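Student: Requesting a structural model of the entry that follows:
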Amino acid sequence: MKMSDIITEIDQILQIEKDDDNETVLIDPKTKIKTVVPKDPSKPGAIAKDERGNLTLDTKTKGTVDRGIKPGDNVTVKNA
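Tutor: Next up is the predicted model:
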């Protein structure tokens, strides 16, 4: 196994920077790169709680963003 294979298997953690009625803005704490997740159910990008209660972002599934999230919460990227 190569080092690049191991690095791609690590789940990426993003933080919620802003959450409003139209979109949720996530930021990578290391690189400061922002990711915008629209709250339109017809567009891909769904943030929901998993079975453990942790927030996860599924980049390939169309859906909505879970209510009750707030800036500073951590989100795990499921399909990087």
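
Student: Tell me which stretches of this structure form strands.
Tutor: 12-19, 23-27, 34-38, 44-49, 55-62, 74-77 (DSSP state E).

Student: Quick one, which of those strands gets closest to Gly68.
Tutor: strand 44-49 (8.9 Å; CB to CB). All C-beta atoms are positioned from the backbone trio N, CA, C, and that covers glycine.

Student: hang on, the earlier thing: mind putting the strands of the chain into a markdown table with distance to Gly68, mean pLDDT and mean neighbour count?
Tutor: As requested, those are exported to a markdown table (distance: least, CB to CB, whole Å; pLDDT from 0 to 100; neighbours: other CB atoms under 10 Å):
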| stretch | distance to Gly68 | mean pLDDT | mean neighbour count |
| --- | --- | --- | --- |
| strand 12-19 | 10 | 91 | 16 |
| strand 23-27 | 12 | 91 | 19 |
| strand 34-38 | 15 | 89 | 15 |
| strand 44-49 | 9 | 86 | 18 |
| strand 55-62 | 10 | 85 | 15 |
| strand 74-77 | 13 | 90 | 16 |
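
Student: contacting residues around stretch 44-53?
Tutor: Contacting residues not belonging to stretch 44-53 are listed as 24, 37-38, 55-66, 69, 75 [CB atoms under 8 Å, 6 or more residues apart in numbering].

Student: tell me, what residue is most central in the chain?
Tutor: Leu57 (3.5 Å; CA atoms, centre = their mean).
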